[in-house]
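In: Quick one: sequence plus predicted model below, questions after.
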Amino acid sequence: MAPTLSSADAEKISMLKSDVATLDQISENEKSGFISLVARYLSGEAQHIEWSKIQTPTDEVVVPYDTLAPVPEDAAETKKLLDKLVVLKLNGGLGTTMGCTGPKSVIEVRNGLTFLDLIVIQIETLNAKYGCNVPLLLMNSFNTHDDTLKIVEKYANSKIDIHTFNQSQYPRLVVEDFKPLSSKGNTSKEAWYPPGHGDVFPAFKNSGKLDALLSQGKEYVFVANSDNLGAVVDLKILSHLITNKNEYCMEVTPKTLADVKGGTLISYEGKVQLLEIAQVADEHVNEFKSIEKFKIFNTNNLWVNLQAINRLVEGDALKMEIIPNPKEVDGIKVLQLETAAGAAIRFFDHAIGINVPRSRFLPVKASSDLLLVQSDLYTLSDGFVTRNPARANPANPSIELGPEFKKVASFLSRFKSIPSIIDLDSLKVTGDVWFGASITLKGKVTITAKPGVKLEIPDEAVIADKEINGPEDI
């Protein structure tokens with residue numbers, strides 16, 4: 001059903017259509033996808049959530065991980081399962097927030113291995129163990145495409161099929177007159193944007209990869225962010241979905257105070273759907289953030305049936321909530337409209353959530369996360385990053401590093417070696433602090449260098465429950 005537009009908005013769309021028609025940088029699919037997204041935005045067809053109708057999902061809808069059936073012992077059965085699977089990593093993000101150029105997935109996580117290396121090793125291990133052929137797909141954006149093609153060459157001899165395809169490229173809209181920024185003489189990449197990971201479904205179909213995989217007998221895709229080290233293939237989940245014919249599954253995990261803004265699953269008018277903080281009216285925001293009422297959040301680990309994606313994309317049925325993202329480019333106010341893959345849950349049949357252990361959500365968003373995964377809190381084997389059982393506390397320590405540590409290179413130069421943090425509760429570092437080798441941090445530790453003063457923590461120091469403001473405190 002086409003959105004209903006006022007005559008002024010219909011005029012805007014027809015002008016925009018003729019502007020977009022001249023943009024030869026993008027395909028016809030991208031042009032029509034963009035126009036229909038803008039038309040939906042203008043029609044204001046956003047679904048209005050009535051707070052009183054929101055229900056907490058039952059265990060049938062959000063299935064506790066512990067209740068999933070064990071995986072068949074038989075290796076041949078397991079191979080049969082895995083031969084139905086494709087792994088897709090969202091690889092459109094740049095490492096800019098961590099001070100790196102190029103795709104975020106090439107940041108070294110541990111032992112000189114990047115996110116991408118770990119993903120490839122994991123799938124190779126799986127393929128070798130069961131004699132199956134699970135392919136890896138990378139959805140790039142125009143920002144990461146060229147670099148990624150060069151990077152994947154190094155896996156040419158690995159025992160894994162790697163395919164890449166590009167997310168759509170849409171023009172940023174100038175707010176003032178609703179024209180594409182690129183038709184105003186801005187020829188740089190700044191004139192364009194990738195429209196969020198909700199685009200994974202049409203982009204997958206438009207690339208031809210979806211049809212090719214369906215013809216090979218593949219049935220499910222496991223989609224996850226490339227920076228989530230916990231998003232590894234899980235046979236129990238795959239087996240459950242195939243047995244119960246669930247077309248879509250979102251992995252959720254219990255909220256901690258760090259996750260209060262994360263999207264949550266609700267039951268609404270008989271369907272399971274994602275509720276994001278942006279959809280919540282101001283007077284309900286505190287309730288949304290409460291860990292008591294909304295106990296789980298979306299990890300963005302998603303399992304989706306390939307036939308169902310094909311059906312819904314062909315029927316143009318995926319009308320996810322639109323996320324308007326206002327930006328400024330060279331002093332010009334622009335708008336980019338995005339969608340999220342998790343919001344697609346309500347369009348699939350027999351969609352469920354699975355409440356998974358926190359270990360399946362280990363994202364690296366900042367150098368403080370790198371400190372965790374490079375420390376003795378975790379071990380690495382066969383590409384899998386596993387938490388050290390020697391830590392008694394189920395929660396990870398909270399770590400706050402000052403701006404001096406923001407870039408990966410600065411972070412690495414400030415630690416001679418990563419401290420032992422197995423008994424650490426919290427660490428806050430402020431100012432020009434440098435860490436020696438083989439340091440141990442325990443309990444609550446605060447280290448503050450006075451302005452203009454370089455503070456060096458000596459090799460082999462053991463700091464437990466201390467506030468350090470200068471060398472005399474060590």
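Out: That came through, no problem.
In: Please count neighbours and contacts with C-alpha atoms only from this point.
Out: Will do.
In: low-scoring stretches of the chain, by residue?
Out: Counting by pLDDT under 70, the chain has low-confidence residues at 1-3, 45-47.
In: Quick one: the helices in it, in order.
Out: Here the chain has its helices, by DSSP state H, at 7-21, 28-43, 75-82, 115-130, 145-152, 200-206, 209-215, 235-244, 285-289, 306-314, 367-374, 408-413.
In: Nearest to L68 among those would be which one?
Out: The closest of these to L68 is helix 235-244. By C-alpha to C-alpha, the value is 6.4 Å.
In: you'd agree G102 is up against D147?
Out: Yes - in this structure G102 lies within contact range of D147 using C-alpha atoms under 8 Å: 6.6 Å.
In: These two - which one has more neighbours?
Out: Neighbours around G102 and D147, counted as other C-alpha atoms under 10 Å, are more numerous at G102. The numbers are 18 against 15.
In: The residue nearest to the more buried one when sequence neighbours are not counted and K444: what is the separation?
Out: Of all residues not flanking G102 in the chain, L94 sits nearest, at 5.6 Å (C-alpha to C-alpha, 6 or more residues apart in numbering). In this view, L94 and K444 are 33 Å apart by C-alpha to C-alpha, to the nearest Å.
In: same deal with S18?
Out: Remark: distance between S18 and K444 (C-alpha to C-alpha) = 61 Å.
In: who has more neighbours, these two?
Out: Neighbour comparison, S18 and K444: the larger count goes to K444, with 18 against 10 (by other C-alpha under 10 Å).
In: From the structure, what's the count of residues near the closest residue to A76 other than its chain neighbours?
Out: Nearest residue to A76, sequence neighbours excluded (C-alpha to C-alpha, 6+ apart): Y130, at 7.6 Å. Under the neighbour criterion other C-alpha under 10 Å, Y130 is assigned a count of 16.
In: Y130 and A75 touch, don't they?
Out: Yes - with contact defined as C-alpha under 8 Å, Y130 counts as touching A75 (6.5 Å).
In: For these two, list the residues in contact with both.
Out: In terms of C-alpha atoms under 8 Å, 6 or more residues apart in numbering, Y130 and A75 are not both contacted by any residue.
In: quick one on the thing from earlier: now the residue nearest to A76: how far from P194?
Out: Distance, Y130 to P194, using C-alpha to C-alpha: 37 Å.
In: May I have stretch 61-77 as PDB, with CA atoms only?
Out: In PDB, the C-alpha atoms belonging to stretch 61-77 read as follows (Å, rounded to 0.1, in the frame of the first residue of the first chain):
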ATOM      1  CA  VAL A  61       7.900 -15.800  22.500                       C
ATOM      2  CA  VAL A  62      11.200 -15.000  24.200                       C
ATOM      3  CA  VAL A  63      12.600 -18.500  24.800                       C
ATOM      4  CA  PRO A  64      15.000 -19.000  27.600                       C
ATOM      5  CA  TYR A  65      18.300 -20.400  26.200                       C
ATOM      6  CA  ASP A  66      18.500 -23.100  28.800                       C
ATOM      7  CA  THR A  67      15.300 -24.700  27.600                       C
ATOM      8  CA  LEU A  68      16.600 -25.300  24.000                       C
ATOM      9  CA  ALA A  69      17.000 -29.000  23.200                       C
ATOM     10  CA  PRO A  70      20.500 -30.300  23.200                       C
ATOM     11  CA  VAL A  71      22.200 -30.700  19.800                       C
ATOM     12  CA  PRO A  72      22.300 -34.200  18.300                       C
ATOM     13  CA  GLU A  73      25.500 -36.000  19.200                       C
ATOM     14  CA  ASP A  74      25.700 -37.400  15.700                       C
ATOM     15  CA  ALA A  75      28.300 -35.500  13.600                       C
ATOM     16  CA  ALA A  76      26.500 -36.400  10.400                       C
ATOM     17  CA  GLU A  77      23.300 -34.800  11.700                       C
END
